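> How does the following fold in three dimensions:
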Amino acid sequence: MSNNLAVKTAFWLYNMGWGLAIPALRLNHRLAEGFKQRTLQHKVQAADLWIQAASAGESYLAWTLLKNLKPRRPVRVMATSNTSQGMEILERAIDDIIPNDRDMSACAAYFPFDKPALMEKAVRNIRPKVMVLLESEMWPGLLAVLKKYGCKTVIINGRITAKSLAGYLIWPSLWQGLRPDKILAVSENDAERFAALFGRECVDVMPNIKFDRLGSAEPVPYAENPLKKIFRPGAPLLVLGSVRHEEEPLIEKIILYIRSRLPDTVIGLFPRHMHRIKYWEETLSRLEIPWALRSKTDKHVSNGTVILWDTFGELTLAYGLSKAAFVGGSLAPLGGQNFLEALTCGIAPVIGPYWENFAWVGREIVEEGLVREAADWKQVADILADDLKRSPSYEKASEAALGYVKDRQGGTDRACRLIAELLDST
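Residues are numbered from 1 along each chain as shown. Below is the predicted model:
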């Protein structure tokens, strides 16, 4: 009884905390978009299946699931995300898949704030039979209400870091009471951490769905690449992809180093978050480096220019035309960003020493030379400079990359079979 009282008190305080925070969150420019959906000022549609994809990476996983899900009866789907990039991907997925699928209807919306009272309203209106949480989405308000209404809850492509686990284990009994019905983790290490929190009986290991997304990828020939209108054939293009805020001073050094050695290099600079565009505009201007916004570029750029990417969805296309590529989130202790996209485009990317979020790919990918790991910014810059002097063999690199992932596929089928079974059982 004391434990129940403690839990009730904790949720009451949690609800109050959200109530105080939400007015201030409206001032955050990243959360202001979709604020009425996040606070359920617009009524949400009912759905049999609710898929939550936190951001862009998870939204691509949701796209893969929707494309491959074969329900045995008509299913209504609600797909949600926390970010504008995630929403854009979900909406594209729905436009791509749903018109050709008579057994599935779908809509996308921003994920509600996890205030328990808001989640109560959301679940009551959506009435999901199955809730799919992608990768590491565990919100106590949502999980508690899903339990209350008897919704089957699964974590797919599950990841949990040791640091996150330590936080959850501050109050293990609370999380055990919120335990999902099934967790499919992407590695044995992740499975062990989930098991430490929820018990092994609900945890299994699955191949990472991201391997499946790479399965049919091939380099796009120059003649078919939409970016040919801004890059000449054989342009000395360097892509700095998914650059994070914390590593920006190091990226600045890389840009200056490359320009000093190879001044004709064209650099495609892709900040991970669009709100950092302004920072890079000011930085490049201060350094007197010629730059242009991608959104304002519609003809071949001059050598030595930095293209500052302020549009979404073209990173893979840029990798396909590059002679060298660095994938960010890896020069500062941030866990790394997805370097597999560059690989399947035929480029062996360079990364920094921090890529633990992608440890599931396997250390062998570095040992086989498919990805080059550098100790610091200077080593990154040296490898990139050497790459820019050579003509990459896109087909050979892509073939090696796809060979690596071939034996690591099958996660999508495993996840879709589980979702279909749970929908049938309800």
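> Which secondary structure elements does the helix or strand encompassing Ala191 sit against?
Using DSSP states H and E, Ala191 maps to helix 188-198. Contacts defined by 3 or more C-beta pairs under 8 Å, 6 or more residues apart in numbering; DSSP states H and E place helix 188-198 against strand 152-158, helix 162-168, helix 172-177, strand 182-185, strand 203-205. (Glycine included, C-beta is placed from N, CA and C.)
> repeat that for 6 Å
strand 182-185, strand 203-205 (3 or more C-beta pairs under 6 Å, 6 or more residues apart in numbering; DSSP states H and E).
> and that helix, which residues are buried?
By 16 or more other C-beta atoms under 10 Å, the buried positions in helix 188-198 come out as Asn189, Asp190, Ala191, Arg193, Phe194, Ala196, Leu197, Phe198.
> where's the fifth one relative to Arg272, distance?
Read it as Phe194. 27 Å (C-beta to C-beta, to the nearest Å).
> Save the buried residues of helix 188-198 as TSV, and put in pLDDT and distance to Tyr149 too.
Rendered in TSV, the data for those read as follows (pLDDT from 0 to 100; distance: C-beta to C-beta, whole Å):
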residue	pLDDT	distance to Tyr149
Asn189	90	33
Asp190	93	28
Ala191	96	28
Arg193	97	28
Phe194	98	23
Ala196	97	27
Leu197	97	23
Phe198	97	20
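> Do you have the strands of the stretch 301-426 of the chain handy? List them.
Counting by DSSP state E, counting those that start in this stretch, one finds strands in the stretch 301-426 of the chain at the ranges 306-308, 324-327, 350-351, 372-373.
> Which of those strands sits closest to Val239?
Of all the strands of the stretch 301-426 of the chain, it is strand 324-327 that lies closest to Val239, at 4.4 Å by C-beta to C-beta.
> Quick one: mean pLDDT for that closest one?
The average pLDDT within strand 324-327 is 97.
> which helices and strands does it pack with?
So strand 324-327, by 3+ C-beta pairs under 6 Å, 6+ apart, packs with strand 237-243, helix 377-388.
> what about the lengthiest helix in the chain, distance to the chain center?
Ranked by residue count and defined by DSSP state H, the top helix of the chain is helix 2-25. Offset of helix 2-25 from its chain centre (C-alpha atoms, centre = their mean, to the nearest Å): 29 Å.
> and if you look at stretch 308-328?
Counting by C-alpha atoms, centre = their mean, stretch 308-328 comes out at 16 Å from the chain centroid.
> which sections of this structure are below the confidence cut-off?
1-3, 101, 215-218 (pLDDT under 70).
> Work out which residue lies at the spatial centre of it.
When C-alpha atoms, centre = their mean is applied to the chain, the residue found nearest the centroid is Gly57 (1.8 Å).
> can you tell me the helix or strand for it?
Here Gly57 is assigned to helix 56-68, by DSSP H and E.
> What's the local residue count around the residue nearest to Glu364 when sequence neighbours are not counted?
Spatial nearest neighbour of Glu364, excluding adjacent residues (C-beta to C-beta, 6 or more residues apart in numbering): Tyr404 at 7.6 Å. By the criterion of other C-beta atoms under 10 Å, Tyr404 has 20 neighbours.
> mind checking how far Tyr404 is from Phe339?
12 Å.
> what's the answer for Pro221, then?
Distance from Pro221 to Phe339, by C-beta to C-beta: 22 Å.
> More neighbours: these two, which one.
Phe339 (29 against 10).
> So for that one, what's the nearest residue that isn't a sequence neighbour?
Val327 (4.1 Å).
> One more: Pro290?
Thr305 (5.1 Å).
> Can you report phi and psi for the one you found?
phi -90, psi 140 (degrees, to the nearest 10).
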